[in-house]
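Undergrad: Below: sequence and its predicted model.
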Amino acid sequence: MATKASRPGRILIVFGLVILALYGGAAAAGQWKPRLGLDLQGGTRITLQAKDLEGGSAPQDKLDEAKDIIEQRVNGTGVSEAEVSTQGGDQIVVEIPGKQRQDLVEQVGRTAQLRFRLVWDSVQGQGPGPQVPPAPIITLPPETTPTGPPSGDATSTQDSSKNRAVSGWMRAAKPGGGGKPGDKPSDKPSDQPTDKPSGQPSDQPTDQPTDQPGGSADPAEVDWSALTLDESIGGSLQGTLPDPYQPALDTLRQQMADLQCPASGAPVQVEDVPGQPLVTCDVDGSGTKYVLSPAVIEGTHLDDAQATIPTQSIQWIVTLSLDGDGGDTFATVTRELVNTAAQFAIVLDGQVLSAPQVTGVITDGNAQIEGGFTQQSATSLANSLKYGALPLAFEVNGVEVQGPSLAGSQLNAGILAGVFGLALVVAYCLVYYRGLGLVIVASLGVAGAMTYALILLLGAGLSFTLTLPGIAGLIVAIGITADSFIVFFERLRDEVRDGKSLRLAVEAGWRRARLTILAADAVSFLAALVLYIFAIGVVRGFAFTLGLITIIDVFVVFFFTKPLVSLLARTQFFGRGHKLSGFDAKHLGISGRPVTQTGRRTREPSLARTTTRGEA
Amino acid sequence: MGRLSNFGQHLYEGRVSFDFVGRRRLWYAVSALIVLACAAGLLVREVNLGVEFKGGVEFTATMEPTQANVEVLRDAVTDAGVAAAGEPIVTTSGQESILVQTKPLEQADATRIVQALTQAGAGDVSQNLIGPSWGKQVANKALIGLVVFLVLVVLFIWAYFREWKMSVAAIVALAHDLLITIGIYAWSGFEVTPATVTGLLTILGFSLYDTVVVFDKVRENTRNFAANLTRTFSESANLAVNQTLVRSINTSVAALLPVAAILIVSTVILGTGPLKDLSLALFVGTAAGAYSSIFIATPLAVQLKEREPLVRAHTKRVLAKRAKAAAAPVAPVVDEDAEPVGVTPAARTSPARTPTRKPAPARAPARKVTTSSAAKRSQPQRSPRSARGKSR
C-alpha cells in the first residue's frame, strides 16, 4: 500500500512532462495557432473526380501524375499557396486558402485542352533546341534522335502509310523547315531543326503596311469568329490575312517577338482561349515560338490516339483518329496544306506539342504522326492527345468558395459553441459531483491542453487543418470525455455505497470502471475510424478530431484523472466526505455511515444520528 | 441534484426499482409505435435531401436577412439570365446571411450568378457547387460505411461479451435509434446533408457506448447468477439497469449538453450549415440511444438469454423457492414480495450497513410479535420470523 500510494504523484508528474514536451514540440515547429480549414478562413476548394474508370478506382500512379499536372496548371496561374492533393482513391482536391478564385475552375478542371491550330508564323528558338530535354508532360522527342536513321525513317513512313491504310501522314516538323516548300516526304526530318532560323515567314508581313478599315490592331478586340477557315488557311500559307485582321496579326507577331519562352521544363504562361489566336512556345524547350490561328479543331473531336509500331517498321508512331466533324475540317486543312511548308500545330495546355507539315490529304480523319519516337515518348504523346495531358479524365465534382465574412462567422460560431458546450458540461458536473466536479474540470482542461498541442503538432507535421466539422468533433468529444469520468465516478460512488473507505473505493471502483471505459472508448474510436474512412469531404475533420480525442481521453483518464483522484482521496476534504466533496453521506444518499476510514471515530456522533434517522 | 444522488443510492440498493426488464412488452410496444410512426414518415414524406445529394449550387450571400432582401436576391438571380439555374430557392439563414439554391450549373454560370448577387448588394458571396454525380457517391459511401460499421460492431460486441444474444440486442437497439432519427428527419423536413449522414454514423458509436456501459453492469451482476437463488436472471439484469440508471442519465446529459450547445449556437448564428446538420442528427440520435440501451437492448438481451435451458432452470428454481417461501402463511414474506423486484439488499449490502438497515423492514412485524409475546400468546406465531430469516 505504501509503495502503491507513492505512485499517483509520480504518474501525474510524468503526465505533466508529456504535455510540456508536446508544447515544446509545437514551439520547435513554430506553430502556435492551428491551421484553419478553408471554411474557417475563406478560400476555394475544387474537387475533381476521375471518371470513366475501369474497375471503379484509379491507379495511384496515374492519379499522382494527374495531381502533378494539375498542380502545374494551378501554379501556372500565379496562385502560389494552392494545395493539390488526392483523396479517396479517385479524387483530386485543389485548395486555395484565403482567395475566392472560382475562375480557376475552368483551367484546372478542363481535361481536354488539346486543340488543332494553324501556324501563321513562327520563329525558331535560339536555345539549344533539340539538346534540351523535353518538357515533362509531352515527350515528343527531338528529331535528331540517334535511334532513327534518316533513310530507314523514310522507308518506314511509306510502308506504314501503305500498310495501315491511312489516307495520309504527317511528319513532325520544326518551323525552321518552313523555308523549304515542296520538300519531299523522304527528306530527312532530323536535319530540319539544325537549319538556320527562317526569317522568311516573319519577314513577309513587314511588306504589308495595310490600312485598317474597321480592323483593330488589338487581337483581343478583333472578332475572330468571323474569320473563315479558308482565310485562316490563307494566313498559314501566305502569312497574311484579309484586311480587318492583318493589323491584329502584325500585333501578334510583335507579341511573339516579345515573348520569352521559359527554360525547358516550365510551361509558358499563356491563356489558351479557343476562339482567339495564340502566341506561344514549343513544349520541347527549344524556344521556338509561334503565332497560331484560332482553334480549327477542338481536342474533343479526337476520338482516339494510339502509340504503335506499324508492321514492317521499327519506328514508333502515333496514330490519330478524328470524328466526323473533326475529320471533315481536317480534310480541308490537309488538302490546302499538303506538300507546302505550312504547318498546323497540335496545342496542349497552351503549348505546341507538335507542329507537323502535311504530306498527304487526310480525308477520313485517320492520321499518324511520326518522327523518331521511342516507345515511351510515343505512348506519352498518345496519352496526352487522348486525355489532354491528364492521364485520367476528370469532371468537376464540387466547387466550394468561402467568402471571408462567412468564414469568420463560422469560426466565431464554432468557438462560441465550444465555450457554451464546455460551460454547460462543467456546470452540470460541478452541481452534480461538487468537489469531484473540479476533478472533471481539471481533467477536461488537461485533455483540452493536450488536444490543442496535438492539433498544433499535426498541423505542423501532417498539415492537419482544423475545419468547422473538426471543431464540432472537438465539442462533441467534450461529452465523450466527460462520460469516461462519469463512468469512473459512478463506480467509485457505488463502491463507497458498498461501504468501502474512499481510498479503497478508488482502487476497487477504478478496477471495475477501467474495462468499461476502455470498451466504450474502443467503440467510439472504432466509430470515428470507420467514419474517417467513409466520410465525405470535409466531414472527415469531424471523424478525425473525434478519434483523436477518444485516444486522448484514455490517456487522461488513466494517467491524470485516476492518479489525481487517488491523491485527493488521501486529503481530509475528500477522504472525510466533506459536504462539498461530493462524497458526503447525505449527498450520496447513504443512510448508513459517512464515507471515511480515518474519520470514523471522530464522526461517531453523526453516525449515530444518521442511524437513528434511518431507523425511524 | 442531491435528490437525484439519493435516488441513485436507492436505485443502487434496489429500494427504488423500475421494472425495465419485466415490463418489456410495454417498452417494445412504445418503441414499435415510434418506429412505425417514423417508418410511416419515410413512406409518406420524402426525406429532404440537400444540395450535396441532388447536385446544385448553394450561394450564401452576406446580407441582412430581411424579406425585402430575399426578393432582391431572387430577382437578381432570375435576371442574371442563367436559364439552367431554374427557379432559385431563396431563404434567410442565421443572423447575417441569405441562402440561394439553384439547380446544377457550370462554374461559368455560377460565376455570373455570384456577380449578379454582388451587384444586388450582397457583401461577399460564398458558393458551394456540387456536381450531380457527387450525391450518388456520397450515398453509396454512407451505405458502405453503415454496413461495415454494423459488421464491426457485431464483431466487437461478440468479442467483448462473448455472447451473440447481447450482440443481437445491441444491433436491434442501434437500428431502433437510426430509424427514429431518420424518421424524425422525414417528418420534420430538416435537410439531409453529408453532415447529417456523418452525424447518423456517429450516433451508432454513441448508442453503442451507452449499451456497452449498461451491458457491462448486466454482465457483472449476472456472472454467477446460478449460485444466487434469491433473484432470477432477469431480475439481476433489471437491477443492473437500475444501478446504472443514474450513470446512463449522467452520461447522456453530458453527451447531449455540448451537442445542444452546437445546435443552438449554429442555428441562431449560422442558420443552416454542417454544424447544425451534424448536431441535430447527434442530438436526436443520442437521446434515442440513451432510451434504447435501457428500454430495448437490455430487455431484449434478457429475453433471448431466458431461452437458455440453464437460465430457464435457474429461474424455475428461484420461483419455486419463492413460491415455497410464500406458501408459508407469513406476513413479512408478503411484505417483501410487495417490494419491487430485485430488492434483497442483504445480498449486496456490506456488513457495516447490515445491522442498521436490516431491522427496518422487520420492525413493524417484530413489534407485533413482541406485543403478542407480552400477552403470553402461544409460540407458533414466532416461527414466521425464523422462517423469514431462513428465507434470506
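TA: That came through fine. Residues are numbered from 1 along each chain as shown, chains lettered A, B, ... in the order given.
Undergrad: hey, let's count contacts and neighbours off CA atoms from now on
TA: OK.
Undergrad: Which residue comes closest to the residue positioned nearest the centre of chain B once chain neighbours are left out?
TA: Averaging the C-alpha coordinates of chain B gives a centre point, and the residue nearest to it by C-alpha atoms, centre = their mean is B:G289 (1.9 Å). When the adjacent residues along the chain are set aside, B:G289 lies closest to B:S207, with 4.3 Å between them (C-alpha to C-alpha, 6 or more residues apart in numbering or on different chains).
Undergrad: Tell me who's in contact with the one you found.
TA: B:S207 makes contact with B:173-174, B:177, B:285-286, B:288-290, B:292-293 under the criterion C-alpha atoms under 8 Å, 6 or more residues apart in numbering or on different chains.
Undergrad: most neighbours, which of those?
TA: When these are compared by neighbour count (other C-alpha atoms under 10 Å in any protein chain shown), B:G289 ends up highest, at 33 neighbours.
Undergrad: need the next SSE after the host helix or strand of it, C-terminal direction.
TA: Secondary-structure assignment from DSSP states H and E places B:G289 in helix B:274-292. Helices and strands here follow DSSP H and E; after helix B:274-292, the next one along the chain is helix B:298-305.
Undergrad: other SSEs contacting that following helix?
TA: Identification of packing neighbours for helix B:298-305 by 3 or more C-alpha pairs under 8 Å, 6 or more residues apart in numbering or on different chains; DSSP states H and E yields helix B:164-188, helix B:233-243.
Undergrad: Now do the buried residues in that helix.
TA: Neighbour-count burial for helix B:298-305, counted by 16 or more other C-alpha atoms under 10 Å in any protein chain shown, picks out B:298-303, B:305.
Undergrad: per-residue confidence at A:L548?
TA: The predicted local distance difference test score for A:L548 is 90.
Undergrad: Please give the number of neighbouring residues around it.
TA: Counted by other C-alpha under 10 Å, the residues lying close to A:L548 total 20.
Undergrad: for the one 10 residues further on, same thing?
TA: The local packing of A:F558 (other C-alpha under 10 Å) involves 17 other residues.
Undergrad: any idea how far A:L548 is from it?
TA: A:F558 sits 16 Å away from A:L548, going by C-alpha to C-alpha, to the nearest Å.
Undergrad: so who does the residue nearest to the centre of chain B touch?
TA: Neighbour list for B:G289: B:173-174, B:177, B:203, B:206-208, B:210 [criterion: C-alpha under 8 Å, 6+ apart].
Undergrad: got it, and B:E58?
TA: Contacts for B:E58 were tallied using C-alpha under 8 Å, 6+ apart; they are B:51, B:99-102, B:127-129.
Undergrad: Who does it form a beta bridge with?
TA: B:Q101, B:N128 (DSSP bridges).
Undergrad: pLDDT score for it?
TA: Predicted confidence (pLDDT) at B:E58: the value is 85.
Undergrad: what's the answer for B:E13, then?
TA: 67.
Undergrad: Kindly report the same for the one 5 residues further on.
TA: With respect to pLDDT, B:F18 scores 77.
Undergrad: Return the residues in contact with the closest residue to B:K103 other than its chain neighbours.
TA: The spatial neighbour of B:K103 that comes closest, neighbours along the chain excluded (C-alpha to C-alpha, 6+ apart), is B:G56 at 4.4 Å. Under the criterion of C-alpha under 8 Å, 6+ apart, the neighbours of B:G56 are B:101-105, B:129-132.
Undergrad: Including pLDDT and neighbour count, could those residues go into TSV?
TA: Formatted as TSV, the contacts of B:G56 follow (pLDDT from 0 to 100; neighbours: other C-alpha atoms under 10 Å in any protein chain shown):
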residue	pLDDT	neighbour count
B:Q101	85	23
B:T102	85	22
B:K103	84	21
B:P104	80	21
B:L105	80	21
B:L129	84	30
B:I130	81	27
B:G131	77	26
B:P132	72	20
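Undergrad: Can you list the buried residues in the helix or strand hosting the residue nearest to B:G289?
TA: Counting by DSSP H and E, the secondary-structure element that holds B:S207 is helix B:194-221. Along helix B:194-221, these residues count as buried under the neighbour rule (16+ other C-alpha under 10 Å): B:194-219, B:221.
Undergrad: tell me the mean pLDDT for the helix or strand that contains A:V18?
TA: Using DSSP H and E, the secondary-structure element containing A:V18 is helix A:2-28. Mean pLDDT, taken over the full extent of helix A:2-28, equals 77.
Undergrad: Mind listing what's buried along that helix?
TA: Applying a neighbour-count criterion of 16+ other C-alpha under 10 Å, the buried positions in helix A:2-28 are A:8, A:11-12, A:15, A:19, A:22-23, A:25-26.
Undergrad: shaky segments in the stretch 51-200 of chain A?
TA: A:52-58, A:72-73, A:76-78, A:80, A:106-107, A:109-113, A:125-200 (pLDDT under 70).
Undergrad: err, chain B, not the other one
TA: Within chain B, the stretches with pLDDT under 70 are B:1-6, B:8-9, B:12-15, B:135, B:329-392.
Undergrad: ok, back up a step: indicate which one of the helices and strands packed on helix B:298-305 is closest to A:L422.
TA: Counting by C-alpha to C-alpha, A:L422 lies closest to helix B:164-188 out of these; the figure is 25.1 Å.
Undergrad: How far off centre is the closest one?
TA: Its chain's C-alpha centre lies 9 Å from the corresponding centre of helix B:164-188 when counted by C-alpha atoms, centre = their mean, to the nearest Å.
Undergrad: Next: stretch B:36-48.
TA: Stretch B:36-48 has its average C-alpha position 20 Å from the chain's average C-alpha position, going by C-alpha atoms, centre = their mean.
Undergrad: how about it as PDB, C-alpha atoms only?
TA: Extracted in PDB, the C-alpha atoms of stretch B:36-48 (Å, rounded to 0.1, in the frame of the first residue of the first chain):
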ATOM      1  CA  LEU B  36     -43.800   2.700 -37.000                       C
ATOM      2  CA  ALA B  37     -44.600   6.400 -36.900                       C
ATOM      3  CA  CYS B  38     -41.100   7.100 -38.200                       C
ATOM      4  CA  ALA B  39     -41.400   4.400 -41.000                       C
ATOM      5  CA  ALA B  40     -44.700   5.900 -41.900                       C
ATOM      6  CA  GLY B  41     -43.000   9.300 -42.200                       C
ATOM      7  CA  LEU B  42     -40.400   7.800 -44.500                       C
ATOM      8  CA  LEU B  43     -43.200   6.500 -46.700                       C
ATOM      9  CA  VAL B  44     -45.500   9.500 -46.600                       C
ATOM     10  CA  ARG B  45     -42.900  12.200 -46.900                       C
ATOM     11  CA  GLU B  46     -39.700  12.200 -48.700                       C
ATOM     12  CA  VAL B  47     -36.600  13.000 -46.900                       C
ATOM     13  CA  ASN B  48     -35.500  16.500 -47.800                       C
END
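Undergrad: Out of the contacts of B:G289, flag the one nearest to B:D75.
TA: Closest to B:D75, out of all of these and judged by C-alpha to C-alpha, is B:I203, at 41.2 Å.
Undergrad: now that closest one: how far from B:T272?
TA: Counting by C-alpha to C-alpha, the separation of B:I203 from B:T272 is 20 Å.
Undergrad: before we move on, what about A:D521?
TA: A:D521 is 31 Å from B:T272, by C-alpha to C-alpha.
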